[in-house]
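# sequence-free structure coming up:
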Ligand SMILES: Nc1ncnc2c1ncn2[C@@H]1O[C@H](COP(=O)(O)OP(=O)(O)OP(=O)(O)O)[C@@H](O)[C@H]1O
């Protein structure tokens, strides 16, 4: 300002007699630089030399510096209204704020909880640190530094998830890469953020996501505090709960059956052998033996007749009607998630599993089951089965290390957690066939199962597609499907969906085999590579360990 300018100018040698001050004065050039030529022209036009004129300007400025600013109202009274309005309009039409880009018109529903934050960065740091969430891989605001730009804006909080910076998605980026984008940005920086659970001082709630574990009709519930809860009553869907004055806010995620149809035409025809010839070597697929499959089916039927799926068995692990869920993104260094295929007998679970493994046996694999029956001459321990004593088998059972087990013709068969872990430890994707009652046991943070329900298409379609299909039974190795088999399959599928639908991460209708196989491959890839909703306990257990 004025004080600063005058501070730079040394006072002239003879301050009082301007008329004699014709010798060089260092302040002269500074004044000349500061004032517009027109100002000097006005001064010169009243008949002074340039130096004297500038000295007069200097004196005026000194005098002005001492004056206090007074309110302009009294002076303004003498001005005309036109002059005042014109001054107002001139100021009002000026753009003092930075111009922000317009919001896009087509913001999807899923972005309802997103916030667009624009900060103007002028040579100063943002005053916030970021970190990568250990499990989800999200980039989060870690700390907002007191007094910094971010804090003063009141728009960014610790725990907020960064989605985009200046239109660039940060998904999959390292914090260092995001910092680089920020460092390179000048002027307005536009963030797209999802508010985190640690919200700022203006938000007193924290948001929790839950998955409905049972059907619920709020209209019939006299104790419901908020009718909006209706929106999360669909079995298996996830919703955000905000225990605040709004009580409940919907954040519906259509993640159950959202996989797009991707036709695939390069699948090989059906092969019924356990041994396959790969590019240059033979490989063996375990877990497809007839006794194992029949034992599994028998155990399912037995459990059905015994009504094993009690009300609480179908709810969450804690028996609650809702289960808290979080978004989980598998990191490249993490083990793969277990892929569980579930479906009514004969629907094609084993056919699909076999085709998937056959496509890439070095990537997909079955777990080798255990049995108490003795090894046959052509079998190898650890290839068809792990052959163990009844005592060993039972200790695995009672130690809750068996994901499924059953008895067939006096022998025990089952698949252990350790057998699945062995596949995952090799860096492969373990694909297993499980009766729905076993899903609860498999739902642990160590296996993080992704459950795919294989559903039959309608009976008339299946009559066509299953013309040459064969089912295995207790008495015949290969038997054609009868109409009642197809009907039974459809009925069982419906029951499974009703009782266990909350556990299904994805559903594939097995009509055309090649299409179903392509859908399976795509779902398995997404399960490993894209963020998915998982029980919150799976993620917190990992953080603690
Ligand atoms: N989409 C399809 N189109 C035609 N045939 C199919 C299709 N899916 C499966 N099949 C055939 O149906 C028969 C039964 O399939 P699969 O053996 O996979 O049944 P499953 O679901 O594993 O039942 P199980 O409980 O008996 O083991 C097989 O002959 C298989 O090739």
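Alright, I've got the coordinates. On a predicted model such as this, the values are computed, not experimentally measured, just so you know.

# Kindly report the residues of the stretch 301-450 of the chain close to the ligand.
When proximity is defined as Cβ under 6 Å from any ligand atom, the stretch 301-450 of the chain approaches the ligand at 343, 345-351. Where you see a C-beta, it was placed from the backbone N, CA and C, and this is true even at glycine.

# which residues in the stretch 401-545 of the chain form helices?
Along the stretch 401-545 of the chain, counting by DSSP state H, counting those that start in this stretch, helices occupy 417-425, 439-442, 459-465, 483-500, 513-529, 536-544.

# Leaving aside the residues adjacent along the chain, what's closest to residue 466?
Excluding its sequence neighbours, the residue lying closest to residue 466 (Cβ to Cβ, 6 or more residues apart in numbering) is residue 481, at 4.8 Å.

# ok, now how distant is the one you found from residue 85?
According to Cβ to Cβ, to the nearest Å, residue 481 stands 88 Å off from residue 85.

# Same question for residue 480.
93 Å.

# Up against the ligand, what does this protein have?
270, 293, 297, 343, 345-351, 465-466, 469-472, 510, 513, 516.

# Can you tell me how far residue 492 is from the ligand?
The gap separating residue 492 from the ligand is 10 Å, by Cβ to the nearest ligand atom, to the nearest Å.

# who's in contact with that residue?
With contact taken as Cβ atoms under 8 Å, 6 or more residues apart in numbering, residue 492 is in contact with 344-345.

# change it to 6 Å
Residues near residue 492 by Cβ atoms under 6 Å, 6 or more residues apart in numbering: residue 344.

# and what of residue 415?
Residue 415 neighbours (Cβ under 6 Å, 6+ apart): 367, 369, 403-404.

# now residue 142
Counted by Cβ under 6 Å, 6+ apart, residue 142 has contacts 129-131.

# Of the residues you listed - the most surrounded one?
residue 130 (19 neighbours; other Cβ atoms under 10 Å).

# How about that one, nearest residue that isn't a chain neighbour?
Nearest to residue 130 is residue 175, by Cβ to Cβ, 6+ apart, at 5.1 Å.

# okay, now the one you found: neighbour count?
For residue 175, using other Cβ under 10 Å, the count is 16.

# Could you do residue 27 as well?
16.

# how far away is it from residue 66?
For residue 27, the distance to residue 66 equals 18 Å [Cβ to Cβ].

# Same question for residue 457.
For residue 457, the distance to residue 66 (Cβ to Cβ) stands at 93 Å.

# now residue 192
On the measure of Cβ to Cβ, residue 192 and residue 66 end up 53 Å apart.

# Looking at the two, which has the bigger crowd around it?
The neighbour count for residue 192 versus residue 66, taken as other Cβ under 10 Å, is higher for residue 192 (19 against 6).

# Residue 209 belongs to a strand, doesn't it?
Yes. Counting by DSSP: H, G, I helix; E, B strand; the rest coil, one finds residue 209 located in a strand.

# thought residue 138 was touching residue 161?
Yes. If you go by Cβ atoms under 6 Å, residue 138 and residue 161 touch, sitting 4.9 Å apart.

# domain assignment for the chain?
115-194, 330-529 (the TED database).

# I'd like to know which of the ones you listed is closest to residue 323.
Among the domains of the chain, the nearest to residue 323 by Cβ to Cβ is domain 330-529 (8.0 Å).

# average pLDDT across that closest one?
Domain 330-529 shows a mean pLDDT of 91.

# related to what we said a few turns ago, just so I know, which of the helices of the stretch 401-545 of the chain lies nearest residue 10?
Proximity to residue 10, assessed across those by Cβ to Cβ, is greatest for helix 536-544 (66.6 Å).

# which residues sit in contact with residue 535?
Counted by Cβ under 6 Å, 6+ apart, residue 535 has contacts 323, 325.

# beta partners of it?
residue 325 (DSSP bridges).

# Quick check: it vs the ligand, distance?
27 Å.

# so residue 457 touches residue 512, yeah?
No. If you go by Cβ under 6 Å, residue 457 and residue 512 don't touch, sitting 8.7 Å apart.

# The two: which has the busier surroundings?
residue 457 (19 against 14).

# which residues touch that one?
Residue 457 sits in contact with 509, 511, where contact means Cβ under 6 Å, 6+ apart.

# Look up phi and psi at it.
phi -80, psi -180 (degrees, to the nearest 10).

# Quick check: the gap between it and residue 482.
On the measure of Cβ to Cβ, residue 457 and residue 482 end up 17 Å apart.

# Look at whichever residue of the stretch 151-300 of the chain sits closest to the ligand and report its pLDDT.
Closest residue of the stretch 151-300 of the chain to the ligand, Cβ to the nearest ligand atom: residue 293 (4.3 Å). pLDDT recorded at residue 293 is 72.

# what's around it, how many residues?
18.

# go on, residue 124?
9.

# For the residue nearest to residue 466, give its distance to residue 372.
Separation of residue 481 from residue 372 (Cβ to Cβ) stands at 32 Å.

# Then residue 518?
For residue 518, the distance to residue 372 - Cβ to Cβ - is 39 Å.

# check contacts around residue 390.
Residue 390 neighbours (Cβ under 6 Å, 6+ apart): residue 372.

# phi, psi of it?
phi -60, psi -40.

# try residue 445
Dihedral angles (degrees, to the nearest 10) for residue 445: phi -70, psi -20.

# still on that earlier bit, let me have the residues of the stretch 301-450 of the chain next to the ligand in a markdown table, extended by neighbour count.
Shown next, in a markdown table, are these (neighbours: other Cβ atoms under 10 Å):
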| residue | neighbour count |
| --- | --- |
| 343 | 26 |
| 345 | 20 |
| 346 | 23 |
| 347 | 28 |
| 348 | 26 |
| 349 | 21 |
| 350 | 19 |
| 351 | 20 |
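
# okay, these in JSON lines with secondary structure next?
Putting those into JSON lines (three-state DSSP) gives the following:
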{"residue": "343", "secondary structure": "coil"}
{"residue": "345", "secondary structure": "coil"}
{"residue": "346", "secondary structure": "coil"}
{"residue": "347", "secondary structure": "coil"}
{"residue": "348", "secondary structure": "coil"}
{"residue": "349", "secondary structure": "helix"}
{"residue": "350", "secondary structure": "helix"}
{"residue": "351", "secondary structure": "helix"}
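
# Excluding covalently adjacent residues, which one is nearest to residue 196?
residue 159 (2.7 Å).

# That neighbour reaches residue 194, doesn't it?
No. Contact criterion Cβ under 6 Å: residue 159 and residue 194 do not qualify, at 9.8 Å.

# anything in contact with each of these two?
Joint contacts of residue 159 and residue 194 (Cβ under 6 Å, 6+ apart) do not exist.

# How about the contacts made by residue 356?
Taking Cβ under 6 Å, 6+ apart, we find residue 356 in contact with 364, 431, 520.

# Tell me the residues that contact both of residue 138 and residue 161, please.
By Cβ under 6 Å, 6+ apart, no residue touches both residue 138 and residue 161.

# just to revisit the earlier point, residue 286 is nearest to which of the domains of the chain?
Once the domains of the chain are compared by Cβ to Cβ, domain 330-529 is nearest, at 4.4 Å.

# Start and end of that closest one, how far apart?
6 Å (Cα to Cα, to the nearest Å).

# Then stretch 103-115?
Taking Cα to Cα, stretch 103-115 runs 11 Å from one end to the other.

# Nice, that's everything, thank you.
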